[in-house]
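Asks: Pasting the sequence and the predicted coordinates here, then a few questions.
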Protein chains: 2
Amino acid sequence: MENFQFYAPTKIFFGEEQLNNLPDILQEFGEKVLLVYGGGSIKRNGLYDAVLKLSEDVFEIQELSGVEPNPRIETVRKGVALCREKKVDVILAVGGGSTIDCAKAIAAGVFYEGDPWDFTSDSSLITKALPLVSVLTLAATGSEMNSGAVISDMAKNEKLSLGNSLTIPKASILDPTYTFTVPEYQTAAGSADIMSHLIENYFKQTRGAEVQDRLAEGLMRTVLQYTPIALKTPDNYEARANLMWASSLGLNGLTGRGKGGSWSCHAIEHELSAFYDITHGVGLAIITPRWMEHILSEQTVEKFVSFAVNVMGLSLIDDRFALAREGIRCLKNHFTSWGIPMTLVDVGIDGEKLELMANKAVEHNTLDKAYVPLYAEDVLSILKASLND
Amino acid sequence: MENFQFYAPTKIFFGEEQLNNLPDILQEFGEKVLLVYGGGSIKRNGLYDAVLKLSEDVFEIQELSGVEPNPRIETVRKGVALCREKKVDVILAVGGGSTIDCAKAIAAGVFYEGDPWDFTSDSSLITKALPLVSVLTLAATGSEMNSGAVISDMAKNEKLSLGNSLTIPKASILDPTYTFTVPEYQTAAGSADIMSHLIENYFKQTRGAEVQDRLAEGLMRTVLQYTPIALKTPDNYEARANLMWASSLGLNGLTGRGKGGSWSCHAIEHELSAFYDITHGVGLAIITPRWMEHILSEQTVEKFVSFAVNVMGLSLIDDRFALAREGIRCLKNHFTSWGIPMTLVDVGIDGEKLELMANKAVEHNTLDKAYVPLYAEDVLSILKASLND
């Protein structure tokens, strides 16, 4: 296990009707609130009205709506200007990971003289941030309980990360019933995103971080257990609750702190989204099994055996490579059974920019420090294998 | 899953030489430090000197030493008086769970006009507390990352809990090398304590909290894996690191929040310690398998099957009761193999006060809200079964 710092101070309010705590939560930080949200889903499902009803008498509320699924730097800039103009005290993000990510970048940008895009190359430029509270509507990114945000500049075809301990939400309200209306496709993509976070942390070079790996296995098994149930019966509270809590714990440091090295599939997927604006979780589901097949070797096979046995529930057999491949096949089958399109062609990506994206993935990330170091030719090979079945 | 709040804001500094962060950590809270510790172990292993060397030039340090293994209310009162007299800004607890627990009670007692023992019947009386920083030297109680403290009044034969979010340590330094010198008996007792926290949360009436249960299973497997290694090679870093991190995560809310009801074995063990001052983890190891045997029934057998398969690694067989009993037997075997004396007689407790302790356990706790409700006659039966093999 490597040395690490763990810091997950977000106060979580989990369960039905936890929104009633919102006024008390916000009051601690001030009166002027910037309400950040995405499209119309929170208006359709009544959450928007509920938030306003609870808070509009007590707080002065500004709104920033229309945050994109891969949130844009332009929206961040708009939010920063609004916060400055209206002297906002606290940001309230109501939505999924994209909305919360956008709110984090705004929270940090308010106190920064330069352009918030600068944070994507150096997050230590964040020296102060507005307090952030979130109301989560999608089990996926874990943004509700960590510091990270991913922001896109489509003009440059760039999708990059930012954040430090100042951008961790102060409190997050996690009511599983808000995810009852999440469409099948987004539910599946969200679960694939959770799985990917856990897989990225599971497959790392650091040895002997068994606490982290046992926790990751447990969370992965939970996601595999409940995703089909949530897809079949979207209002199954138990399924939605377990997926929601797994999403937060899947990326709050529990499975990653103490294990070094870079992530692989997220680095590659961010290029897909930056060039083609595809759904993040879908991109990850497509890339992950191909990446696994690419890196399976004598050096990695034991880890794949653990994955096959402890996550996929397969029985130990003598042929370790056969078992490893069967574990990868099981993962792909899960994604397929969730209705995720499992090739790049299926999501409208042809072979034209694969080389460009491969080069960018290597340029934007330290993929030479990944579980198995990846170079542009590796990424290209993984992308090519992802094109078709 | 039940509604819950989760709040674990302690900043964890994990790994070798993390003590170097101590001055920066303390500086945030002030200059006047109360250093709380137990017996001579931190003097023998050099930690006391290291702490002083790092901090004595910058901070004004008062000392409260001699905190007992089951920390006494008298020591808490002494600490409170010292903090008031010296206008202490921050408490630094260096030791295991007892030292940290004592420091928590002091931190809260400083701002309370009455006697800190009052907190054991009503922790909402804690409305302000001094900031607390801990340096952990024993993997066991999880006190380094939660709000709880257990304090004893031996004059009354009472061992009771206190704490709320104000008593959560602000920061904890977890350097596994500090546990290299922990004697075999204490190492084993510490691991039994971790196991007990996880078992108490695992066996609850709440259904469908699979995230919590999968995490608990993973942590239990880690403890079972590494305890024999730490006992055999006390300076095995990987073993000590995994045990230490498992201890913190074993009782910071991850496995308990979202699951309702009272604990059983801790309630019973606290009476053993209150009357006989035995080692907490040893008492838990003795009680737990007997409690399990007592509550095994048609209603609970499925949970015991999960425990047998997912924690003990047994294969699923048709006879569920046989499998459940085999799981309990495995747990007892683990404790025995760690060198823990596994009967009350072995730790100097005869039958004399069993009935009194059974009555007190029921009086001090809501055992009627336990996984399987327990009444005085149940507790007595469990205690009697624990007397001898």
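Replies: Happy to help now that I have it.

Asks: from memory residue A:328 sits against residue A:296, does it?
Replies: Yes: Residue A:328 is within contact range of residue A:296, at 7.3 Å (criterion: CB atoms under 8 Å). Where C-beta positions appear, they are placed from N, C-alpha and C, glycine not excepted.

Asks: Look up the residues that both of those two are in contact with.
Replies: Both residue A:328 and residue A:296 are contacted by residue A:304, under the criterion CB atoms under 8 Å, 6 or more residues apart in numbering or on different chains.

Asks: Tell me which helix or strand the residue positioned nearest the centre of chain A sits in.
Replies: Centroid check for chain A by CA atoms, centre = their mean gives residue A:141 as the closest residue, at 2.4 Å. According to DSSP states H and E, residue A:141 maps onto no helix or strand at all.

Asks: Just give the nearest non-adjacent residue to it, would you?
Replies: Leaving aside its sequence neighbours, residue A:141 sits nearest to residue A:97 (CB to CB, 6 or more residues apart in numbering or on different chains; 2.7 Å).

Asks: Got phi/psi on the one you found?
Replies: phi -60, psi -40 (degrees, to the nearest 10).

Asks: how much space between it and residue A:65?
Replies: In this structure, residue A:97 and residue A:65 are 17 Å apart, going by CB to CB, to the nearest Å.

Asks: the more surrounded of those two?
Replies: Set residue A:97 next to residue A:65 and count neighbours by other CB atoms under 10 Å in any protein chain shown: residue A:97 wins out with 29 against 17.

Asks: where's that one relative to residue B:86, distance?
Replies: Distance from residue A:97 to residue B:86, by CB to CB: 48 Å.

Asks: now swap in residue A:181 and tell me
Replies: 58 Å.

Asks: ok, now which ones touch residue A:126?
Replies: Contacts of residue A:126 (CB under 8 Å, 6+ apart): A:108, A:112, A:119, A:162, A:163, A:164, A:166, A:167.

Asks: Quick one: name the residues of the stretch 1-150 of chain A near chain B.
Replies: Residues of the stretch 1-150 of chain A that fall close to chain B, judged by CB under 8 Å from any CB of the partner chain: A:1-9, A:11-18.

Asks: so the residue of chain A most remote from its centre, which of the three states?
Replies: If you look at how far each residue of chain A sits from its centre, by CA atoms, centre = their mean, the farthest one is residue A:318, at 36.2 Å. Following DSSP: H, G, I helix; E, B strand; the rest coil, the label given to residue A:318 is coil.

Asks: hmm, who's touching stretch A:345-358?
Replies: A:268, A:271-272, A:275-276, A:278-279, A:282-283, A:286, A:341, A:344, A:376-377, A:379-380, A:383-384, A:387-388.

Asks: Please convert the buried members of those residues into PyMOL selection syntax.
Replies: A single PyMOL command selects the buried members of those (16 or more other CB atoms under 10 Å in any protein chain shown):
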select buried, chain A and resi 268+271+272+275+276+278+279+282+283+286+341+344+376+379+380+383+387
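
Asks: Could you tell me which of the contacts of stretch A:345-358 belong to helices?
Replies: Of the positions in the contacts of stretch A:345-358, A:268, A:271-272, A:275-276, A:282-283, A:286, A:376-377, A:379-380, A:383-384, A:387 sit in helices, assigned by DSSP state H.

Asks: thinking again about what came up before, which residues does the residue farthest from the centre of chain A contact?
Replies: Residue A:318 neighbours (CB under 8 Å, 6+ apart): none.

Asks: Would you state the predicted confidence (pLDDT) at it?
Replies: With respect to pLDDT, residue A:318 scores 95.

Asks: burial measure for residue A:139, as a count.
Replies: Under the criterion other CB under 10 Å, the count of neighbours that residue A:139 has is 35.

Asks: Quick check, residue A:285 in contact with residue A:339.
Replies: No: using CB under 8 Å, residue A:285 makes no contact with residue A:339, being 10.4 Å away.

Asks: who touches both of these two?
Replies: residue A:188.

Asks: residues in the stretch 201-350 of chain A within reach of chain B, list them.
Replies: Near chain B, when you scan the stretch 201-350 of chain A using CB under 8 Å from any CB, you find A:207-211, A:214-215, A:217-219, A:221-222, A:225-226, A:238, A:241-242, A:245-246, A:249, A:254, A:257-258.

Asks: Generate a PyMOL selection restricted to the buried entries among these.
Replies: Burial among those is assessed by 16+ other CB under 10 Å; the matching PyMOL selection reads:
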select buried, chain A and resi 208+209+210+211+214+215+217+218+219+221+222+226+238+241+242+245+246+249+254+257+258
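
Asks: from the residues of the stretch 201-350 of chain A next to chain B, which ones fall inside helices?
Replies: A:210-211, A:214-215, A:217-219, A:221-222, A:225-226, A:238, A:241-242, A:245-246, A:249.

Asks: hmm, back to that, out of residue A:285 and residue A:339, name the residue with the larger neighbour count.
Replies: Shown here are residue A:285 and residue A:339; by other CB under 10 Å, residue A:285 has more neighbours (28 against 13).

Asks: Would you enumerate the residues in contact with the more buried one?
Replies: Contacts of residue A:285 by CB under 8 Å, 6+ apart are A:188, A:189, A:192, A:195, A:196, A:335, A:340, A:342.

Asks: let's go with 6 Å and repeat that
Replies: A:192, A:335, A:340 (CB atoms under 6 Å, 6 or more residues apart in numbering or on different chains).

Asks: Could you point out which of those is nearest to chain B?
Replies: Closest to chain B out of the contacts of residue A:285 is residue A:192 (17.7 Å), distances taken as CB to the nearest CB.

Asks: Which secondary structure elements does the strand of greatest length in chain A sit against?
Replies: Ordering each strand of chain A by length in residues (DSSP state E) puts strand A:4-14 first. Under the contact criterion of 3 or more CB pairs under 6 Å, 6 or more residues apart in numbering or on different chains; DSSP states H and E, strand A:4-14 touches strand A:171-174, strand B:4-14.

Asks: give the contact list for the nearest residue to residue A:288 once chain neighbours are set aside.
Replies: Spatial nearest neighbour of residue A:288, excluding adjacent residues (CB to CB, 6+ apart): residue A:265 at 5.1 Å. Residues in contact with residue A:265, defined by CB under 6 Å, 6+ apart, are A:196, A:284, A:287, A:288, A:291.

Asks: Drop anything exposed from those.
Replies: Buried residues within the contacts of residue A:265, counting neighbours by 16+ other CB under 10 Å: A:196, A:284, A:287, A:288, A:291.

Asks: quick revisit: can you lay out the helices and strands packed on strand A:4-14 as JSON lines showing mean pLDDT and distance to residue B:363?
Replies: Shown next, in JSON lines, are the helices and strands packed on strand A:4-14 (pLDDT from 0 to 100; distance: least, CB to CB, whole Å):
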{"stretch": "strand A:171-174", "mean pLDDT": "98", "distance to residue B:363": "37"}
{"stretch": "strand B:4-14", "mean pLDDT": "98", "distance to residue B:363": "27"}
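
Asks: Which among these is found nearest to residue A:145?
Replies: strand A:171-174 (6.2 Å; CB to CB).

Asks: Name the surrounding residues that touch stretch A:35-54.
Replies: Residues outside stretch A:35-54 that contact it (CB under 6 Å, 6+ apart) are A:22-23, A:61, A:63-65, A:67, A:92-95, A:99, A:103, A:178, A:181.
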